[in-house]
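**Student:** 3D model of this:
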Amino acid sequence: MVRRPSPRRQPRGFTLLLALGVVAVVTMAVMLSFSVVGREADSQADTRRQKQAFFAAEAGLAEGRERVRLIMANASNLNELTIDLRATLGSPVVDIPGLGSPSRPYFELLPPGGGNTWNNYELLKTTLETSEIPAGVDYPEQRNVRYRVFVRDDEDGELSREIDSNRQLWIVSVAEVANANGRPTRAVVQALVTNTNTELIVTPGCPTKIDCGNI
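**Tutor:** Numbering: from 1, shown residues only. The predicted structure follows:
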């Protein structure tokens, strides 16, 4: 004799399936929400690192301008018509892939010293005044930002790219924010510096110069 399910047991099975379906939908919605929040957090963190790298590169560029000004001023005081970049700054840089070549050498303009390769761009609570730290606020410290500044000669007609003869040099500042969980975020800015005692007219872009946009 075959026993058929009673009418009372059928609704119980349907209710259980319905409950499991609701739980599955809610679980998927929660997981999707966590995924969206995680991607948004990663995007905001990457944007923050890009800004940090850019500001560090700009800071390095400002320091590089002053160093180049001093180098050119010293050459003018010595009545030197040319600047030997190798004699002034040392051997060309060869440790960054894609930056510089034998035909277009780059020279370290701001060596960090102490056996380090990069200049640290740190912002620590210990270096701030008490008035600069808001009361009751956890001030974020900046420990993983660094930069390097290079210089190279422009197209001045000299056969050697290690000799500057027209008082114009390209300054290239490279900054990066190290990331323990992935690749560093890097920013590169450059500027053509000219030493002149006459009136200088600056126009947008680089319409009258040669080799303006190439690194």
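
**Student:** all contacts plus neighbour counts: C-alpha atoms, from now on.
**Tutor:** Will do.

**Student:** what mean pLDDT does the helix or strand encompassing G64 have?
**Tutor:** Using DSSP states H and E, G64 sits within helix 9-77. On average, the pLDDT along helix 9-77 is 81.

**Student:** that one: what's the following helix or strand?
**Tutor:** Next along from helix 9-77, by DSSP H and E: strand 83-84.

**Student:** any residues touching that next one, and which ones?
**Tutor:** Strand 83-84 is contacted from outside by M72, A75, E162, I163, D164, S165, using Cα atoms under 8 Å, 6 or more residues apart in numbering.

**Student:** which of those lies closest to E108?
**Tutor:** Set against E108, the nearest of these by Cα to Cα is E162 (12.6 Å).

**Student:** please report how far L192 lies from R183.
**Tutor:** Note on L192: its distance to R183, by Cα to Cα, to the nearest Å, is 29 Å.

**Student:** more neighbours, these two?
**Tutor:** Comparing L192 with R183 by other Cα atoms under 10 Å, the one with more neighbours is L192, at 18 against 10.

**Student:** now do the contacts for the more buried one.
**Tutor:** Neighbouring residues of L192 by Cα under 8 Å, 6+ apart: Q168, L169, W170, I171, C212.

**Student:** which of the contacts of strand 83-84 are buried?
**Tutor:** Restricting these to buried positions leaves M72, A75, E162, I163, D164, S165, with burial counted as 16 or more other Cα atoms under 10 Å.

**Student:** what sits closest to the third one if chain neighbours are left out?
**Tutor:** Put plainly, it is E162. Residue nearest to E162 in three dimensions, not counting chain neighbours: L85, with 5.3 Å by Cα to Cα, 6 or more residues apart in numbering.

**Student:** cool, and the last one?
**Tutor:** Excluding the flanking residues, the one nearest S165 by Cα to Cα, 6+ apart is T82, at 4.5 Å.

**Student:** for E162, see how far away that neighbour is.
**Tutor:** 10 Å.

**Student:** cool, and W170?
**Tutor:** Distance, W170 to E162, by Cα to Cα: 12 Å.

**Student:** overlap in contacts, the two.
**Tutor:** R152, D153.

**Student:** just give me the closest of the contacts of strand 83-84 to A57.
**Tutor:** Among the contacts of strand 83-84, M72 lies closest to A57 (Cα to Cα), at 22.2 Å.

**Student:** I'd assumed V193 was in contact with the closest one.
**Tutor:** No: here M72 lies out of contact with V193, judged by Cα atoms under 8 Å, at a distance of 10.3 Å.

**Student:** residues in contact with F54?
**Tutor:** Shown in contact with F54 (Cα under 8 Å, 6+ apart): A175, R186, A187, V188, V189.

**Student:** just the ones in strands from those, please.
**Tutor:** A175, R186, A187, V188, V189 (DSSP state E).

**Student:** just give the number of residues close to the residue nearest to the last one when sequence neighbours are not counted.
**Tutor:** What it means is V189. Closest residue in space to V189, ignoring its immediate chain neighbours: S173 at 5.4 Å, by Cα to Cα, 6+ apart. Here the number of neighbours of S173 (other Cα under 10 Å) works out to 27.
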